[in-house]
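Novice: sequence and computational prediction follow.
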Amino acid sequence: MTEKALVPILLFLIILGVSSSFSFVPSSRALVTKTVSHEGGNQGSTRGRGSNLYMKKRLNAKQRKVREGQMQIPSEDGTTEMPQNLRRKVQAKRPFLGHVIPEDAKARNRRQKQGGSGGPKLRAQGKARADSINNPSNLKILGGTARGRKLDSPEVFLRPMMGKVKEAVYSTFASFGLYDDGVATNHLDIFSGSGSVGLESLSRGAAHCTFVDLARDCCDTCQRNIDKIPFDEPGQTRVICTDALTALREPFAMGIPEGFKYNLVTLCPPYEEIVYADLLEAVANSPVVTDDTVILVEYPVELGCLPHVISREDGGALLGVRNRKYGRTVIAMYVVNPTGRLDASAESRPEEFVSL
């Protein structure tokens with residue numbers, strides 16, 4: 001065979017080899033996509049379905065380092081321990097609230113316009129409010145049957161949940177199906193303060209709410225606000241004056257009926273006065289929570305980040321479904337031993353439990 005006859009054959013073989021390599025050797029990007037899709041199973045999406053590959057792909061090096069430092073540490077018996085950042089009190093100073101003003105602020109403003117002096121003064125939080133101070137946060141019910149009702153505030157330190165945060169929180173609760181027709185939601189409001197969080201829940205359709213606070217002034221304020229908003233069903237509310245850990249660990253000794261279970265627990269503590277590890281362990285193992293109980297924890301951004309999964313002593317777990325930052329406030333939501341009875345929106349979201 002001549003040289004001229006061999007040239008077309010060699011060219012054909014070269015072209016065939018190149019095309020074969022493109023057809024049968026997948027790129028590294030294709031391999032990663034295929035692996036993530038395979039691990040996602042038949043759930044319809046690879047977005048955040050607990051895939052380690054997905055998490056590593058989304059997080060940068062700094063986020064991964066922070067996340068690894070906050071991971072729960074397995075102990076000898078196979079359970080997990082709380083991260084060290086939750087085992088100490090947090091420093092979370094907050095500025096004074098400028099909307100704490102005297103009731104006669106309008107009159108003072110008029111005098112100021114007329115050439116006088118002495119406008120509204122800022123008042124420090126943590127001090128007993130003077131008789132002339134009005135509601136420091138303009139507390140009111142935002143939705144439901146009691147929408148617009150104004151609430152009293154106690155004469156002690158109070159940092160109520162911001163209105164925009166409360167709206168977002170209850171929108172999420174509603175998406176979980178907690179206030180659907182035929183659903184009897186029992187709400188446990190720990191660190192209740194004025195009772196605004198629990199009363200919001202009752203207004204939106206909760207069947208019962210128990211308010212817990214250590215300060216007698218707060219408990220009395222809760223009762224006054226309850227009396228302002230008469231509810232139809234007797235026994236729809238309960239006010240208990242005790243500390244949070246005792247209420248969670250020994251609820252039946254504190255006046256909660258034995259065997260009573262709650263579908264919703266909200267924890268909005270004073271940031272610098274509690275140890276979050278103790279609080280999380282107490283609520284995770286409390287006899288008043290059951291499968292599919294939704295637990296909300298408010299914490300400051302200075303704390304870092306709560307873990308995605310919190311182990312229970314009985315082998316169960318609290319699974320993180322939300323972790324959202326609102327300014328310097330963070331709201332985390334967990335579901336106890338999820339069974340699938342809640343709406344599909346209450347799914348695990350590990351990608352939210354990273355550095356904030």
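Specialist: Received the coordinates, thanks. Please read all numbers here as calculations on a predicted model, not as lab measurements.
Novice: all strands for the protein, in order.
Specialist: Secondary structure of the chain (DSSP state E): strands located at 73-74, 80-81, 186-190, 208-213, 237-241, 262-267, 289-300, 309-311, 317-326, 329-336.
Novice: and the ones you listed, which one averages the lowest pLDDT?
Specialist: Here the strands of the chain differ in mean pLDDT, and the lowest is strand 73-74 at a mean of 46.
Novice: so, low pLDDT: which residues of the stretch 1-150 of the chain?
Specialist: For the stretch 1-150 of the chain, applying pLDDT under 70 flags the ranges 1-5, 16-81, 83-137.
Novice: isn't Gln236 up against Thr210?
Specialist: No. Contact criterion CB atoms under 8 Å: Gln236 and Thr210 do not qualify, at 10.3 Å. Where C-beta positions appear, they are placed from N, C-alpha and C, glycine not excepted.
Novice: so the two - more neighbours on which side?
Specialist: More crowded of Gln236 and Thr210, by other CB atoms under 10 Å: Thr210, with 24 against 14.
Novice: enumerate every residue touching the more buried one.
Specialist: Contacts were defined as CB atoms under 8 Å, 6 or more residues apart in numbering; by that measure Thr210 touches 186-189, 198, 237-240, 256, 262.
Novice: next: Thr266.
Specialist: 187-190, 197-198, 201, 295-296.
Novice: please name the residues that touch the closest residue to it other than its chain neighbours.
Specialist: Leaving out its chain neighbours, the residue that sits closest to Thr266 by CB to CB, 6 or more residues apart in numbering is Leu296, at 4.6 Å. Leu296 makes contact with 169, 264-268, 331-333 under the criterion CB under 8 Å, 6+ apart.
Novice: mind running it again at 10 Å?
Specialist: 161, 169, 172-173, 189-190, 197, 264-268, 322, 331-334 (CB atoms under 10 Å, 6 or more residues apart in numbering).
Novice: now, of those residues, which are buried?
Specialist: Buried members of the contacts of Leu296, counted by 16 or more other CB atoms under 10 Å: 161, 169, 172-173, 189-190, 197, 264-268, 322, 331-334.
Novice: just the closest of the contacts of Thr266 to His308, please.
Specialist: Closest approach between these and His308, by CB to CB: Ile295, at 13.6 Å.
Novice: the closest one and Leu280 touch, don't they?
Specialist: Yes. Between Ile295 and Leu280 a contact is recorded at 8.9 Å, counting by CB atoms under 10 Å.
Novice: hey, what's in contact with both of those two?
Specialist: Joint contacts of Ile295 and Leu280 (CB under 10 Å, 6+ apart) are 267, 310, 318, 332, 334.
Novice: hang on, isn't the second one packed against Val289?
Specialist: The one in question is Ile310. No. Taking contacts as CB under 10 Å, Ile310 lies outside contact range of Val289: 11.6 Å.
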